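Asks: here is my input, please return the structure:
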Amino acid sequence: MESPFKPDVLKGKVALITGGGSGIGFEISTQFGKHGASIAIMGRRKQVLDAAVSDLRSLGIAAIGLEGDVRKPEDARRVVESAYQHFGRIDILINAAAGNFLSAAEDLSTNGFRTVLDIDAVGTFNMCHEALKYLKKGGPGRDSSTGGGSIINISATLHYTASWYQIHVSAAKAAVDATTRNLALEWGTDYEIRVNGIAPGPIGGTPGMSKLVPDEIQNKTRELMPLYKLGEKWDIAMAALYLSGDTGKYVNGLTMVVDGGLWLSKPRHLAKEAVKELSRVVEKRSRAKPVGLPTSKL
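Replies: Residues are numbered from 1 along each chain as shown. The predicted structure is shown next:
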């Protein structure tokens, strides 16, 4: 699909994208690069990073991959500093790294609950905290006469009502949304940094979608959606472009829902036995081809 934005809308900008090597994160990396930005991708898997960077460079996009775990403050600090040292500035931070799996609350361990909170909520805070000095007005690499940079936190709509077998993710995303609003207030006022979020609905062709909703269920799910279709990674990337560029210069503290109106409908029920069977299928698939817990967002 053709972008509605000018090809140079992000010319001269540098974007650091966690989880930017696959799924929605990679589409954002690609579209930002096509619109003029230089790209730094952060992830835990070197093979995924290398492949993503190779693909971006084949498109003529200036890109680097940086290994790191968003849960670890020391990794967040090292990656942010490395991105700055390589490109000389950081203008945009996209927090797209995430963890997810299906589990009934009674079957969920404390460690499983904590892991998702650590990746999504703590990881988002870690990256924002470490990127602050490079994003704020007058910070390193930024002209003091210009404003601050932009942060986008990829969230979800699960916690707007309630979602079956997603208590851990719902709690994590609620925390991400609260972080977005509070940083928008504080850092918008103090440093002219805009902080916004995007809450995707089910997005086809993503690791998260295949992990949570197998192909045989996706066709049935489409029948229940207001627009009768899954979203595309492109939809989320375009929303991110709007919020990051001059088009969104007066938007701050917003979490933009991009789900075709799905969140307005009732949560879908899936029997516990079906969830357990799905979990077994996913675990079997993961053992055959390890992918790790963190994934890009749905």
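
Asks: from here on, just use CA atoms for contacts and neighbour counts.
Replies: Will do.

Asks: so where's the stretch 101-250 of the chain shaky on pLDDT?
Replies: Within the stretch 101-250 of the chain, the ranges that satisfy pLDDT under 70 run 204-229.

Asks: just read off the phi/psi values of Met42.
Replies: Here is the backbone geometry of Met42 (degrees, to the nearest 10): phi -110, psi 130.

Asks: give the contact list for it.
Replies: With contacts defined as CA atoms under 8 Å, 6 or more residues apart in numbering, Met42 is in contact with 16-21, 49, 65-68, 79.

Asks: which ones among the residues you listed are found in helices?
Replies: 49, 79 (DSSP state H).

Asks: take the contacts of Met42 and write them to CSV, including neighbour count and distance to Val169.
Replies: Below are the contacts of Met42 laid out as CSV (neighbours: other CA atoms under 10 Å; distance: CA to CA, whole Å):
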residue, neighbour count, distance to Val169
Leu16, 30, 23
Ile17, 25, 20
Thr18, 33, 18
Gly19, 29, 16
Gly20, 30, 20
Gly21, 34, 21
Leu49, 23, 25
Gly65, 25, 27
Leu66, 23, 26
Glu67, 18, 24
Gly68, 21, 21
Val79, 27, 25
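
Asks: spatially, which two of the contacts of Met42 are the most separated?
Replies: Longest distance between any two of the contacts of Met42 is 14.7 Å, between Gly21 and Val79; criterion CA to CA.

Asks: one step back: out of the contacts of Met42, who's nearest Ser150?
Replies: Among these, Leu16 lies closest to Ser150 (CA to CA), at 10.6 Å.

Asks: roughly how far apart are the closest one and Glu81?
Replies: 11 Å (CA to CA, to the nearest Å).

Asks: with Leu108 instead?
Replies: 36 Å.

Asks: report the central residue of this structure.
Replies: Centrality entry for the chain: nearest residue to the mean C-alpha point is Ala96, 1.9 Å, by CA atoms, centre = their mean.

Asks: surely that residue and Gly23 touch.
Replies: No - contact between Ala96 and Gly23 fails when scored by CA atoms under 8 Å: they sit 9.5 Å apart.

Asks: mind jotting down where the helices sit in the protein?
Replies: 23-34, 46-58, 73-87, 110-117, 123-135, 167-191, 207-212, 215-222, 233-244, 272-288.

Asks: so Leu230 sits against Pro202, correct?
Replies: Yes - Leu230 lies in contact with Pro202 (CA under 8 Å); the separation is 5.9 Å.

Asks: okay, these two: which has more neighbours?
Replies: Applying other CA atoms under 10 Å to Leu230 and Pro202 shows that Pro202 carries more neighbours, namely 27 against 19.

Asks: now stretch 71-86: buried residues?
Replies: Within stretch 71-86, the residues that qualify as buried are 71, 73, 75-77, 79-81, 83-84, counting by 16 or more other CA atoms under 10 Å.

Asks: among these, which one sits closest to Leu262?
Replies: Using CA to CA, Arg71 comes nearest to Leu262 of the buried residues of stretch 71-86, at 30.4 Å.

Asks: excluding its backbone neighbours, what's nearest that closest one?
Replies: Among residues not flanking Arg71 along the chain, Gly123 sits closest, at 4.7 Å (CA to CA, 6 or more residues apart in numbering).
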